[in-house]
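# One predicted model, sequence on top.
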Amino acid sequence: MLRLLHLLLLLLLLPPPGTPEPPGLAALSPGAYPQAPDLLYADGLRAYAAGAWASAVALLREALRSQAELGRMRRDCGVRCTAEPGAALPAAPLDVPGPDSRPRLAPGAWEPLLLRAALRRAECLSHCAVRRLGPGGAARLRVGSALRDAFRRREPYNYLQRAYYQLKKLDLAAAAAHTFFIANPKHLQMREDMAKYRRMSGIRQQSFRDLETPPHWAAYDSGLELLGRQEAGLALPRLEEALHESLAQMESCRAGCEGPEEQQRDEEEEEGTGNHGGLYEAIAGHWIRVLQCRQRCVGDTATRPGRSFPVPDFLPSQLRRLHEAHAQVGNLSQAIENVLSVLLFYPEDEEAKEALNQYQAQLGEPRPGLGPREDIRQYVLRSLGEKRQLYYAMEHLGTSFKDPDPWTPTAFIPERLREKLREDQEQRPWDQEPPQPKPLTDWKDVLLLEGVTLTQDARQLNGSERAVLDGLLTPAECGVLLQLAKDAAEAGARSGYRGRRSPHTPHEHFDGLTVLKAAQLARAGAVGTQGAKLLLEVSERVRTLTQAYFSPERPLHLSFTHLVCRSAIEGEQEQRMDLSHPVHADNCILDPDTGECWREPPAYTYRDYSGLLYLNDDFQGGDLFFTEPNALTVRAQVRPRCGRLVAFSSGGENPHGVWAVTRGRRCALALWHTWASEHKEQEWTEAKELLQEPEEKEDEEEEKEMPSRDPSPEPPSYRLQRVQDKSEKPPRVREEL
Ligand SMILES: *[C@@H]1O[C@H](CO)[C@@H](O)[C@H](O)[C@H]1NC(C)=O
Ligand SMILES: *[C@@H]1O[C@H](CO)[C@@H](O)[C@H](O)[C@H]1NC(C)=O
C-alpha cells in the first residue's frame, strides 16, 4: 500500500509531457523529503519491467537522488555535530595526570563525562538527520549492502539508458550509458550498446559524459593532463582542487562508517566478534568496527569508478606532484609546505629531503612559520591515532586490521604482529592483481616425484602459461578410467540417457561423468569402485602438478572435474566442416574481432588454470589446438595419448579448440582449478565421503540431475526479484563442460 502511494506520488511529480528532462540528476521533487532508496529502486525496476519508461526514469533518478542525499546528510551532520560544544569532551579527562602527577579525577569519574558527551552527540546527529531527511531520520532511508553495491556499480544507469532510449531522449541515453560503462568497463552488452549509440546520428560526442564523476577524479585527471603538457601553472589549481576534494571524499566516506548499515555489514563479515561480553567489550567492538571502516576509506577514495584496485599511495603521490609543480612555477614557499607534507608520511624519503634542501637553498633566508600543510598534518595525526588503537585491539583483543597504508611507521606496529603483517602487506590487492608467471624452481622435484616428464613448455607451445606433461597415468590406469567411462555410459543408457548429442557438434556423441556421479554409480554397483576412486585420486594428482608448475606460492583448488568422451557418429563424417569443440577461452568470453576476452558471466570467471588429461589415442582427429586471439590462426597442436596432460592458464591468452573426432571414441579428463576457495568443488568431497563409508544410501543416486547450464545474464525481471528479496542468495548453479 505504502509503495503504491510512493508510486502515485512520484507519478504526480513527473514533469508534464513535452518538457525536456534536465540533464544530470536535478531534484524531481524539490523541497520534499527523500523517499527510501530501496523502495524507489524496486518501484523503478517494476515500472521498467512493465515498459512504463517515463515513470521508470523518474523513480530511478529519485532513488539515486535520495541515496546521494543520505550520504550528504551523514557528512554534513557529522561535521556539524563534531563542532557542537556540548558534544565535546571536557578537557579535564583528556589530560588525566595533574601537574602533581596524581590523577585529577577519581577512578571511574570520567564515565559520566564520556557518556554525557556521547549522548549529546547522538542527540545532535539524530536531530540533524530528522531536519534533513524528515521524520524517521536516517533509519527510514536505511538500505542493505546489496543495494549499496548495486548503486556503487551504477546499475541504475543501465536501466536509465534503456528507458531514455525508449523515450527517444538519445542524448541522455548516451550519457547514462557512458556513466554505466565507466564503472563497468568489462560489460559486454554495454560495449555493444555504446558502439550503437556512437553510430546514431542524433548523438554528439559531448553526449558521452559521466553523470556521476567524483569531483576529485575530475580534478585529478585534468591536473595530470595539464602537467603532461608542461602547463604547471594551469595544472596547479586543478591539483590543489584534487587534493582538497580527495580529503572531502574521505570525510564523506568516513561519515558513512557511522551509519547503521555499515555496522550491519561489518558484523556479517566478522560474525560473532565483539558481540560477547558486557558494556565495555561491546563498546570497544563497535568502536573498532567504525575505525576499521574509516581506515578503509583510503582505498575507497583512491579507487576509480569501475576499477577494483586503488591508486597506491594516493595522497603522498599527489603531494609530490604538488611540490614539484609549485617549484616549477617558482612558488618556493608552497613547494616547501608540500614537500614537508610528503615528509610527514615518509620522514626518511631521500628524494623529498633532497628537494627540501634545494628549495631552502633557493629561498635564501630561512622563513619561519613554514611547515607542512595543516590539512595534511591533521589527516596524518588522526590516521595514526586510529591506527594505534586498531593495532592495540589487534594485539590484545584479537580483532583484525588491514592497514591500507604503506607509510605506517614500523614503531606503530606491535612487534609480535610485524612478521605476520609483512606477509599480509605482500598480499595487498594491488600488488596481487596480475598473477605473475612464477619462476620455475622446485616444480621439477614434484615432477620427478610423480614420475612425470615435461614434454613441451610454453615456449615450445608457442604461447604463455601452457605445458604438456607426460606419464601421469600408466596404461593400466588409463584402462581402468576408460572402463569407468564405458560402464557409466551404459548405466546412463539403461536409465535413458543414451545417444546424447554433443553440445558442441551434431556429428558426435558426448558422455560426461562427474566425480560425484561416478561415486554414486559405484555405490549402486553400476561401475567399479576402483575406477571411481582412481578418478578422484588422479584429479588430485593433476591439481598438485598444476599448482607446483604454475602457482607454487598460492594454493589451487579443483573447481570442476569432468570425464568426457566424444564419439564420432558413423555415417555422418563425410564432408564434415565443424570442430569437435569450437575455439574458446575457459574463463572469459573471447571476442575474435578485437582479440579481447571479457571475463564476465556466463564464462566461468573464477577458473584460473585448466587441465586436460588424455586417456587414449585410438581415434581419428580430435587433436587439441591453441590459436591466436583471432580464433583462426593455429599456433600449436597437441596429440592426445594415455597419461598426457595439457595444462594452461584459463584466460584469453589460451584460446583453444578440438578438431573433429572423425572415427572412434576420444576420452579425457577435463579439470579446472581456481584460486578462489569458495569455488572449490564440493562434489569432490562428497564423492570422497561416499566412496569411503560402505553403508547403503541407494535412494539418493538418481536424484541428482544432469548438470545444467549456467543461466544467461539475468533478465531485468530476475534482478527485480533479487532487489526485493535482498536476503536470498542466488542459487548455486551446477556446471557443464
Ligand atoms: C605562492 O602561492 C600562494 C598560494 O597560491 C600565494 O598566496 C603566494 O602569493 C604565491 N607566492 C609566490 C611568490 O608566487
Ligand atoms: C610452434 O610454431 C612452430 C612454427 O610455427 C611450429 O613448427 C611448431 O609445430 C609449433 N609448436 C607446436 C607445439 O605446435
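Here it is on my side, so go on. Ligands and ions are numbered 1, 2, ... in the order given.
# Give me the contacts around stretch 118-135.
By C-beta atoms under 8 Å, 6 or more residues apart in numbering, the list of residues contacting stretch 118-135 from outside reads 33-34, 69-70, 73, 76-78, 80-82, 84, 86-87, 136-138, 140-141, 258. For the C-beta atoms, the positions are set from N, CA and C on the backbone; glycine is no exception.
# Among those residues, which ones are in strands?
Using DSSP state E, no member of the contacts of stretch 118-135 falls within strands.
# Now the terminal residues of stretch 591-599, how far apart.
Separation of the first and last residues of stretch 591-599 by C-alpha to C-alpha, to the nearest Å is 11 Å.
# contact partners of it?
Here stretch 591-599 makes contact (C-beta under 8 Å, 6+ apart) with 186, 188, 583, 585, 587-590, 605, 628-632, 651-652, 655.
# Quick one, which of the contacts of stretch 118-135 are buried?
Neighbour-count burial (16 or more other C-beta atoms under 10 Å) is assigned, among these, to 34, 69-70, 73, 77-78, 81, 87, 137-138, 140-141, 258.
# Now do stretch 574-593, average pLDDT.
Taken as a whole, stretch 574-593 carries a mean pLDDT of 85.
# let me fix that: stretch 485-502
Stretch 485-502 carries an average pLDDT of 74.
# distance between the ends of it?
Start-to-end span of stretch 485-502 (C-alpha to C-alpha) is 16 Å.
# for this protein, what spans make up the strands?
With DSSP E as the criterion, the chain has strands at 453-456, 466-470, 508-514, 557-568, 581-584, 589-591, 596-598, 609-614, 619-621, 624-627, 634-638, 645-649, 656-658, 661-674.
# mind exporting the fourth one as CSV, just the C-alpha atoms?
What that stands for is strand 557-568. Below are the C-alpha coordinates for strand 557-568, written out as CSV (Å, rounded to 0.1, in the frame of the first residue of the first chain):
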residue,chain,number,x,y,z
HIS,A,557,41.7,-25.8,-5.7
LEU,A,558,39.8,-28.1,-8.1
SER,A,559,36.6,-26.4,-9.1
PHE,A,560,35.2,-28.9,-11.5
THR,A,561,36.2,-32.3,-12.8
HIS,A,562,34.6,-34.0,-15.8
LEU,A,563,35.4,-37.3,-17.5
VAL,A,564,34.3,-36.7,-21.1
CYS,A,565,34.2,-38.9,-24.1
ARG,A,566,33.3,-37.8,-27.6
SER,A,567,32.4,-40.4,-30.2
ALA,A,568,32.2,-39.9,-33.9
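# What strands flank that strand, and is each parallel or antiparallel?
In the sheet, strand 557-568 lines up against strand 508-514 (antiparallel), strand 661-674 (antiparallel) (DSSP bridges).
# With distance to Tyr379, mean pLDDT and mean neighbour count as added columns, please give those in TSV.
Formatted as TSV, the strands paired with strand 557-568 follow (distance: least, C-beta to C-beta, whole Å; pLDDT from 0 to 100; neighbours: other C-beta atoms under 10 Å):
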stretch	distance to Tyr379	mean pLDDT	mean neighbour count
strand 508-514	55	89	23
strand 661-674	39	94	23
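# possible to save those strands as a markdown table with distance to ligand 2?
Output for the strands paired with strand 557-568, formatted as a markdown table (distance: least, C-beta to the nearest ligand atom, whole Å):
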| stretch | distance to ligand 2 |
| --- | --- |
| strand 508-514 | 24 |
| strand 661-674 | 18 |
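# Make a markdown table out of the ones you listed and add distance to Tyr391.
Converted to a markdown table, the strands paired with strand 557-568 look like this (distance: least, C-beta to C-beta, whole Å):
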| stretch | distance to Tyr391 |
| --- | --- |
| strand 508-514 | 47 |
| strand 661-674 | 33 |
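# Ok, which of those strands comes nearest Gln378?
Across the strands paired with strand 557-568, Gln378 has its closest neighbour in strand 661-674 (44.4 Å, C-beta to C-beta).
# Would you mind getting the angle between the closest one and strand 645-649?
50 degrees (axes from the mean of the first three to the mean of the last three C-alpha atoms, to 10 degrees).
# And the residue nearest the centre of the chain?
Central residue of the chain (C-alpha atoms, centre = their mean): Ser308, 5.9 Å from the mean position.
# how about it, phi and psi?
Main-chain torsions, Ser308, degrees, to the nearest 10: phi -100, psi -10.
# Also Pro409?
Dihedral pair for Pro409: phi -60, psi 140, per degrees, to the nearest 10.
# What is the neighbour count of Arg576?
Arg576 is flanked by 18 other residues according to other C-beta atoms under 10 Å.
# Now do the contacts for it.
By C-beta under 8 Å, 6+ apart, the contact set of Arg576 is 507, 660, 662.
# quick one: the last one from Ser201, how far?
Read it as Thr662. Distance, Thr662 to Ser201, by C-beta to C-beta, to the nearest Å: 51 Å.
# ditto for Ala109
As defined by C-beta to C-beta, Ala109 lies at a distance of 76 Å from Ser201.
# Between those two, point out the one with more neighbours.
Under the neighbour definition other C-beta under 10 Å, Ala109 and Ser201 were set side by side, and Ala109 has more, 12 against 6.
# quick one, phi psi at the more buried one?
Backbone torsions for Ala109, taken as degrees, to the nearest 10, come to phi -70, psi -20.
# Let me know the distance separating it from Gly664.
According to C-beta to C-beta, Ala109 stands 89 Å off from Gly664.
# Kindly check the end-to-end length of stretch 576-586 for me.
Terminal residues of stretch 576-586 are spaced 25 Å apart (C-alpha to C-alpha).
# circling back to that earlier point, for the buried ones among the contacts of stretch 118-135, which two are the farthest from each other?
Taking C-beta to C-beta as the measure, those span a maximum distance of 25.5 Å, between Pro34 and Ala87.
# How is the protein divided into domains?
The record's domain parsing of the chain by the TED database lists 32-89+113-153, 215-261+281-427, 453-690.
# would JSON lines of the ones you listed with distance to Asp193 be doable?
Listed next are these as JSON lines, based on distance: least, C-beta to C-beta, whole Å:
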{"stretch": "domain 32-89+113-153", "distance to Asp193": "16"}
{"stretch": "domain 215-261+281-427", "distance to Asp193": "16"}
{"stretch": "domain 453-690", "distance to Asp193": "14"}
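# Mind listing the residues bridging to whatever residue of the stretch 501-650 of the chain ends up closest to ligand 2?
In the stretch 501-650 of the chain, the residue that lies nearest ligand 2 is Ala636 (3.6 Å; C-beta to the nearest ligand atom). For Ala636, the beta-bridge partners are Phe626 (DSSP bridges).
# Tell me who's in contact with Leu170.
Residues in contact with Leu170 (C-beta under 8 Å, 6+ apart) are 164, 197, 200, 202-203, 207.
# so what secondary structure elements neighbour the biggest helix by length in the chain?
Across the chain, the longest stretch assigned as helix under DSSP state H is helix 53-83. If you count contacts as 3 or more C-beta pairs under 8 Å, 6 or more residues apart in numbering; DSSP states H and E, helix 53-83 packs onto helix 2-13, helix 37-49, helix 110-133, helix 137-141, helix 145-152, helix 155-166, helix 232-256.
# what's the average pLDDT for that helix?
Helix 53-83 comes out with an average pLDDT of 90.
# next one: stretch 278-296
Stretch 278-296 comes out at a mean pLDDT of 89.
# and what of stretch 217-236?
Mean pLDDT, stretch 217-236: 91.
# what about it, distance to the chain center?
With C-alpha atoms, centre = their mean, to the nearest Å as the basis, stretch 217-236 stands 30 Å off its chain's centre.
# Show the end-to-end separation of that stretch, please.
15 Å.
# who's in contact with it?
Residues contacting stretch 217-236 (C-beta under 8 Å, 6+ apart): 238-239, 241-242, 245-246, 304-305, 318, 321-322, 324-326, 328-329.
# now, which of the residues you listed sits nearest ligand 2?
The shortest gap between ligand 2 and any of the contacts of stretch 217-236 belongs to Arg304, at 39.5 Å (C-beta to the nearest ligand atom).
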